[in-house]
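In: Based on what follows, work out the 3D shape:
(chains A, B, C and D)
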There are 4 protein chains.
Amino acid sequence: MANSKFEYVRNFEQPDNLLPNTWIVVRIDGRGFTKFANKYAFEKPNDRRALDLMNAAARQVVTELPDITIAYGVSDEYSFVFHKSCSLFERRASKLVSTIVSTFTAYYIHYWSTYFTETPLSPPLPSFDGRAVCYPSVQNLRDYMSWRQVDCHINNLYNTTFWALIQQGGMDALEAEKMLKGTYAADKNEILFSKFGINYNNEPEMNKKGSVIFRDYELVEPGTHNAAAEAENQAEPVQPSKSQADNERKRRAKARIVVEHFDIIKDEFWDRRPWLLSNKPGKIPKET
Amino acid sequence: MANSKFEYVRNFEQPDNLLPNTWIVVRIDGRGFTKFANKYAFEKPNDRRALDLMNAAARQVVTELPDITIAYGVSDEYSFVFHKSCSLFERRASKLVSTIVSTFTAYYIHYWSTYFTETPLSPPLPSFDGRAVCYPSVQNLRDYMSWRQVDCHINNLYNTTFWALIQQGGMDALEAEKMLKGTYAADKNEILFSKFGINYNNEPEMNKKGSVIFRDYELVEPGTHNAAAEAENQAEPVQPSKSQADNERKRRAKARIVVEHFDIIKDEFWDRRPWLLSNKPGKIPKET
Amino acid sequence: MANSKFEYVRNFEQPDNLLPNTWIVVRIDGRGFTKFANKYAFEKPNDRRALDLMNAAARQVVTELPDITIAYGVSDEYSFVFHKSCSLFERRASKLVSTIVSTFTAYYIHYWSTYFTETPLSPPLPSFDGRAVCYPSVQNLRDYMSWRQVDCHINNLYNTTFWALIQQGGMDALEAEKMLKGTYAADKNEILFSKFGINYNNEPEMNKKGSVIFRDYELVEPGTHNAAAEAENQAEPVQPSKSQADNERKRRAKARIVVEHFDIIKDEFWDRRPWLLSNKPGKIPKET
Amino acid sequence: MANSKFEYVRNFEQPDNLLPNTWIVVRIDGRGFTKFANKYAFEKPNDRRALDLMNAAARQVVTELPDITIAYGVSDEYSFVFHKSCSLFERRASKLVSTIVSTFTAYYIHYWSTYFTETPLSPPLPSFDGRAVCYPSVQNLRDYMSWRQVDCHINNLYNTTFWALIQQGGMDALEAEKMLKGTYAADKNEILFSKFGINYNNEPEMNKKGSVIFRDYELVEPGTHNAAAEAENQAEPVQPSKSQADNERKRRAKARIVVEHFDIIKDEFWDRRPWLLSNKPGKIPKET
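Out: Okay, the predicted model is just below:
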């Protein structure tokens, strides 16, 4: 039984390679996580275990896919960034998205019992969807990252106040919503402080800033690198020599993958870590 | 801190809605499963536990996504078919692919210990990639399904003979490969029978035919339906009335989701199950 | 000066091949034709010369691109249909659209002086834009064609009445618009007849039905062919033998390309001309 | 006769908007121009009338579409560049391509008799196809332009030598081809000079460099602008104020559109004309 008669169906597969020389962001989101969070009684406004689990799964994704240069997560979403010179899977959108979503999901399920030690998972299981978006310039990419971090800030300030009104203020959801309608950030800070003695600035960094994951090398001196400009000048993926590539692979493999809660909107974060935009591994810090 | 300054980055998201009135097949494949199978010492040529796990995960995908009308799996791959009238997620390719890949992966990890009771998973975890392809006509769709099932047959006959030569014939992989080079199906059947007393026809149906998953209703009499022609005449998704839709949803929810190992190349399979192509739930069989 | 250094820029070209086994419609539209029609004082509601020019240009497009099976035009738009088995330019959208738009424009400019004998063209010249759309089934394609012809009818009835009110009724545009607001077809017919003695049925067929262009063969007996069903059963382009292909090419080349003003909504038009959907040339009518 | 029944066919139209913040190049090519050139006895290796006609048509395209910042043409091809901030037609590929192809074709036909005064056009008429490609960075765009100009140089040197061997050297095409096989640029220069006394450097600039079309303003001093870097820093289309936009529109409209034969590979061309990359109109030169 030869298969040639049916093989024509392969011609219906359509290419989905993403435009070269653009930054690829794959963002994944939890599906139906409001319901899911209720089922497992996530703490409000932030469940430490749930965020740690997200970070642990994302860290594994970054570990297994060295083409990812940085990842940023908040709540039930995570964004993974491929350098604009990346040629993984020939930049096919469906391959990139499905691989990240699958790897992330696998670790989320696998690590669940580590973080939620007392509530085993049962069907329907948590799952994630994802999509890929291309950003042509460093500025566009950084604006994307800033967008997500500002969103984190806005949501967390709102949620912190909202749940304080409910948990400590005895309001119900409708009352809290009504009270917050039309308020500015300063108003919410004021409510938190005057009513509940909460100084928002002292809230955990992870809640206020989200989490950023990257390979860590020695910081460079401020003002010595213009990472963005250098990145823009790379018109196409330069093929490093074999020994260079080997060397880079080794340094990348040696680098520690860290989960931090830094401000990624300001220049400083990027300027002191030029490897994030250049895709050239930095110097491995000396152990102390 | 308003977010409006950065929100323009949403404009870089590009639509990926699939052409209406075409059958959507999402096929997922295990990533690096040769290595993975070795790590967990999968039995050759077919590991019953691994196939049962694939089927269990796929069955859950079909359960959670009622828009899937049929799924077909073999080895470490599974194809999920959405009816041409499906409008789930507005037919966005990345949503459809990532949701299926994520749900499948979640259950694969979750059910692992049920099927592999003695070998717990450890990183790197198994993962899957996927893609969506559109098929305009019933014939194209059936040819796709036939292509996968013929592939299953060809590979399984080869693998069965290859591993018999090694496991029972004492050959090494190179010798077995050399022996099989250029042979036809009849030759392989003959080797199996004369050398090892194996009648290929008696091999397990799951190995020979793969697995097909669908909602089960009462079979119709042969010759009473031309499901393909009826499907072709539907030019666009007809909006059923609310009560009709409710009724259909209930019948679909009541239907048993079965995992079978049928011939899906011949007409009979499709003609006796007109609901697969019409997307109208059939009659729930009476319990006995 | 070798060019290899810059040739990488070709990698930015992205494929745009249209899904196989779907009907391709390329529709072109006049750009800014309201202004253009004023500049050359087109007669209202229909300028015979302008429509004849459109038809002449479209006829040449059909002549030069034998892969087009049928074309339909009304006002300043024209739709060209490629058979679902068409593989011209590997079905690349930009190639198909640009070739049709360019060929059409060339003849529109070239033939202008034949139809507008007294008003030579001057910059800015008329131009057209276009796009390609895929239709998976015969029903979708026919519904597309019907959509355009119904649109023709609705617009022409409106315009005929509107301009009668102005040209014969002495109204200005605002008054005519106001009078027609909310009227049904029957109302407009009544206005035409009672006020101006115009029986809409007696209006020129070209104005009422638009123009349809195709290769003409001998009509088949009604009821002997189900062209749609036959077309649906073709799953993929069948490669005819060389002699068959030669024969078909010759018959196609011999066929007269006609411009008619038929009802293309009803089945009869399609059933008696099975070659339109089958893409197999019919019988050349005997000369008389 | 309402049209709502058929209107669903609009849902099959799929968006083709090009990625924001990327340079769009629409390149058009003559279809079957080898044959066409023979039909009208184009002079070899370069027909002055044909090139002038190409330039005249392209100049009109640039005139009618102010969003085009620069165009480059050679032989029967022309590339039109839209600034990365361009939002014309919402950046829909088919609209951009078809509009350019149609406008170009219209003028090519219209101006034919101006340049080919003695050979009127007859069917089949010349036509063009086209496609759009996105380039994310200024470097990519300039490399694209360089690629075309290097191609022009390579082809023209070859053709000049080839036709000299035939027209003055009495060879036939096969002999000339054989003689040139494997030769380098220096060899061809040498053949031209030693055999025919032709100094390639003295050939017409248009033949050696192709033609570049742009709006002309006052040149800036070398070294005062880094147009590329400034362009890269624009992350998104900045909306100018209404008065600014009006002012820019006026200056753009006043600017002379010139056809030159400059070296567009070297930096100088771009550095002295910062408006090409910035999309901000320069200073209108004083009339003298």
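
In: When you work out contacts or count neighbours from here on, use the C-alpha atoms and nothing else.
Out: Noted.

In: Assign a three-state SS to the residue nearest in space to the middle of chain A, would you?
Out: Geometric centre of chain A, nearest residue: residue A:72, 2.3 Å, by Cα atoms, centre = their mean. Of the three states, residue A:72 takes strand according to DSSP: H, G, I helix; E, B strand; the rest coil.

In: in the lowest-mean-pLDDT helix or strand in chain A, what counts as buried?
Out: Sorted by mean pLDDT, DSSP states H and E, the helices and strands of chain A end with helix A:227-233, the least confident at a mean of 72. Under the neighbour-count criterion of 16 or more other Cα atoms under 10 Å in any protein chain shown, helix A:227-233 has A:227, A:228, A:231, A:232 buried.

In: wait, does it make contact with chain D?
Out: Yes. Judged by Cα under 8 Å from any Cα of the partner chain, helix A:227-233 comes into contact with chain D at A:229, A:232, A:233.

In: And chain C, is that helix touching that?
Out: No. Using Cα under 8 Å from any Cα, helix A:227-233 stays clear of chain C, with a minimum separation of 15.0 Å.

In: pLDDT of the helix or strand that that helix is followed by, averaged?
Out: Next helix or strand after helix A:227-233 toward the C-terminus (DSSP states H and E): helix A:242-254. The average pLDDT within helix A:242-254 is 88.

In: Check stretch A:102-120 too.
Out: Regarding stretch A:102-120, the rounded mean pLDDT is 98.

In: gap between it and the chain center?
Out: Centroid separation between stretch A:102-120 and its chain, computed with Cα atoms, centre = their mean, to the nearest Å, is 18 Å.

In: Then stretch A:17-33?
Out: Mean-position distance between stretch A:17-33 and its chain equals 11 Å (Cα atoms, centre = their mean).

In: Give me the contact status of that stretch with chain C.
Out: Yes. Residues of stretch A:17-33 are located near chain C by Cα under 8 Å from any Cα, namely A:17, A:19, A:20.

In: for the residues you listed, which one is nearest residue B:153?
Out: Using Cα to Cα, residue A:17 is the member of these that sits closest to residue B:153, with 32.0 Å.

In: List phi and psi for whatever residue of the stretch 151-288 of chain A ends up closest to chain B.
Out: Of all residues in the stretch 151-288 of chain A, the one sitting closest to chain B is residue A:151 (6.7 Å; Cα to the nearest Cα). Per-residue torsions, residue A:151: phi -60, psi -40 (degrees, to the nearest 10).

In: Spatially, what comes nearest to it if we skip its sequence neighbours?
Out: By the measure of Cα to Cα, 6 or more residues apart in numbering or on different chains, the closest residue to residue A:151 outside its immediate chain neighbours is residue B:3, 6.7 Å from it.

In: Against chain C, how distant is that neighbour?
Out: In this view, residue B:3 and chain C are 32 Å apart by Cα to the nearest Cα, to the nearest Å.

In: how far away is residue A:80 from residue A:58?
Out: From residue A:80 across to residue A:58, the span is 9 Å (Cα to Cα, to the nearest Å).

In: tell me the SS of residue A:29?
Out: Assigned by three-state DSSP, the conformation of residue A:29 is strand.

In: which residues does it bridge with?
Out: Residue A:29 has these beta-bridge partners by DSSP bridges: residue A:77, residue A:129.

In: List the contacts of it.
Out: Going by Cα atoms under 8 Å, 6 or more residues apart in numbering or on different chains, residue A:29 touches A:76, A:77, A:78, A:128, A:129, A:130.

In: Need those residues in a markdown table (columns: neighbour count and pLDDT).
Out: Listed next are these as a markdown table, based on neighbours: other Cα atoms under 10 Å in any protein chain shown; pLDDT from 0 to 100:
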| residue | neighbour count | pLDDT |
| --- | --- | --- |
| A:76 | 17 | 98 |
| A:77 | 17 | 98 |
| A:78 | 25 | 98 |
| A:128 | 26 | 98 |
| A:129 | 26 | 98 |
| A:130 | 27 | 98 |
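
In: which one of those is nearest chain C?
Out: residue A:130 (22.6 Å).

In: Which one of residue A:80 and residue A:58 is surrounded by more residues?
Out: Taking neighbours as other Cα atoms under 10 Å in any protein chain shown, residue A:80 and residue A:58 compare with residue A:58 leading, 28 against 25.

In: Spell out the residue ranges of the helices in the stretch 101-250 of chain A.
Out: Using DSSP state H, counting those that start in this stretch, the helices of the stretch 101-250 of chain A run over A:138-167, A:173-180, A:185-196, A:205-209, A:227-233, A:242-254.

In: weakest of those helices by average pLDDT?
Out: For these, mean pLDDT drops lowest on helix A:227-233, to a mean of 72.

In: could you say what helices and strands that one packs with?
Out: When contacts are defined as 3 or more Cα pairs under 8 Å, 6 or more residues apart in numbering or on different chains; DSSP states H and E, helix A:227-233 packs onto helix A:138-167, helix A:275-278.

In: how about the first one: buried residues?
Out: Which is helix A:138-167. A:138-158, A:160-166.

In: ditto for the last one
Out: By 16+ other Cα under 10 Å, the buried positions in helix A:275-278 come out as A:275, A:276, A:277, A:278.
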